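Undergrad: predicted structure and sequence below. I'll ask about it afterward.
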Amino acid sequence: MNKIILADSQAIFRAGTAKVLAMDEDFRIIARCADLERLMHAVTAFPGAIVLFASSLRPDLGRLRVLLESAGSHAVVIAENSESASAYIHHAFRGVVFRNVTGSALVECVRRVASGDTWVPPQLAIAEVPEEDMVGTRVRDRLTPKEMRIVALIVQGCKNREIALRLKTTEQVIKNYLRSIYDKIGVSDRLELALFTIHHRVLAQAAAEMGSKLEAEEQQAAPTTVA
């Protein structure tokens with residue numbers, strides 16, 4: 001049984017990755033970390049593990065490598081789609097995948113690393129991101145601004161109640177919108193929706209921009225206090 005430590009600030013991506021890895025009977029996820037501090041603690045607390053960590057956590061790569069070696073553990077880096085893999089290969093991490101990795105490729109990567117082998121992207125230093133994300137563009141253009149707001153909050157890990165509060169509506173209205181969004185995209189639940197969004201660059205960018213716009217609007221609407 002291979003022990004897995006999973007570290008990523010995106011709750012939806014942690015859940016999706018855990019779901020994919022759980023299909024392999026040889027993998028057991030022993031820790032899920034939402035930030036860098038929890039990751040460092042888990043590496044120390046659970047030696048001999050395979051550590052999947054997102055590059056977006058921005059760890060000190062040299063320090064993390066020393067900690068992994070001390071714990072007898074190996075790491076797989078989940079790099080952002082637009083990143084170069086060369087820095088992680090240079091630091092001798094056992095595996096590098098990109099955030100848009102397929103489930104089967106991710107499982108194969110972890111298996112290879114667990115067996116003592118290495119796994120690097122076929123293109124080595126450049127993320128294989130198509131210049132034109134036609135599927136993501138088509139879906140983005142089909143969604144209304146209100147639907148895109150909901151998608152942005154789903155990717156952030158918000159539940160229906162929180163989405164309703166932030167958009168000043170009811171949970172039933174959000175459920176109705178979600179059914180429409182699922183039909184337009186061809187997914188069946190919020191996890192599939194979030195993973196679809198993350199894996200399509202154009203749609204992910206649109207969701208991120210809408211999320212930032214929402215936060216800015218909420219800050220402007222927040223009451224100011226006078227000392």
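TA: Perfect, I can see it now.
Undergrad: so who does Glu192 touch?
TA: Listed by CB atoms under 8 Å, 6 or more residues apart in numbering, Glu192 has no contact partners. Placement of C-beta: from N, CA and C, glycine included.
Undergrad: where does pLDDT dip in this structure?
TA: Applying pLDDT under 70 to the chain flags residues 90, 121-133, 222-227.
Undergrad: state which helix of it is the longest.
TA: Secondary structure assigned by DSSP state H gives helix 201-221 as the longest helix of the chain.
Undergrad: contact partners of that helix?
TA: 81, 100, 129-130, 133, 136-137, 139-140, 145, 148-149, 151-153, 155-156, 166, 196-198.
Undergrad: now, of these, which are buried?
TA: The neighbour-count criterion (16 or more other CB atoms under 10 Å) marks 100, 133, 136, 139-140, 148-149, 151-153, 155-156, 166, 196-198 among the contacts of helix 201-221 as buried.
Undergrad: can you give me the neighbour number for the closest residue to Gly136 other than its chain neighbours?
TA: Sequence neighbours aside, His200 is the residue nearest to Gly136 in space, at 3.2 Å (criterion: CB to CB, 6 or more residues apart in numbering). Neighbour count for His200, taken as other CB atoms under 10 Å: 22.
Undergrad: likewise for Leu214?
TA: 16.
Undergrad: go on, Gly72?
TA: Gly72: 9 neighbours (other CB under 10 Å).
Undergrad: OK, contacts around it?
TA: So Gly72 contacts Pro47, Gly48 (CB under 8 Å, 6+ apart).
Undergrad: how close does it get to Ala92?
TA: Distance, Gly72 to Ala92, by CB to CB, to the nearest Å: 15 Å.
Undergrad: backbone dihedrals for the residue nearest to Thr118 when sequence neighbours are not counted, please?
TA: Using CB to CB, 6+ apart and skipping the chain neighbours, the partner closest in space to Thr118 is Arg94 (5.2 Å). Backbone torsions of Arg94, given as degrees, to the nearest 10, read phi -70, psi -30.
Undergrad: kindly report the same for Lys159.
TA: Torsion angles, degrees, to the nearest 10, at Lys159: phi -90, psi 170.
Undergrad: so how far is Arg14 from it?
TA: 16 Å.
Undergrad: swap in Ile163?
TA: In terms of CB to CB, Ile163 sits 19 Å off from Arg14.
Undergrad: in terms of helices and strands, where is Ala105?
TA: Ala105 belongs to helix 103-114 when assigned by DSSP states H and E.
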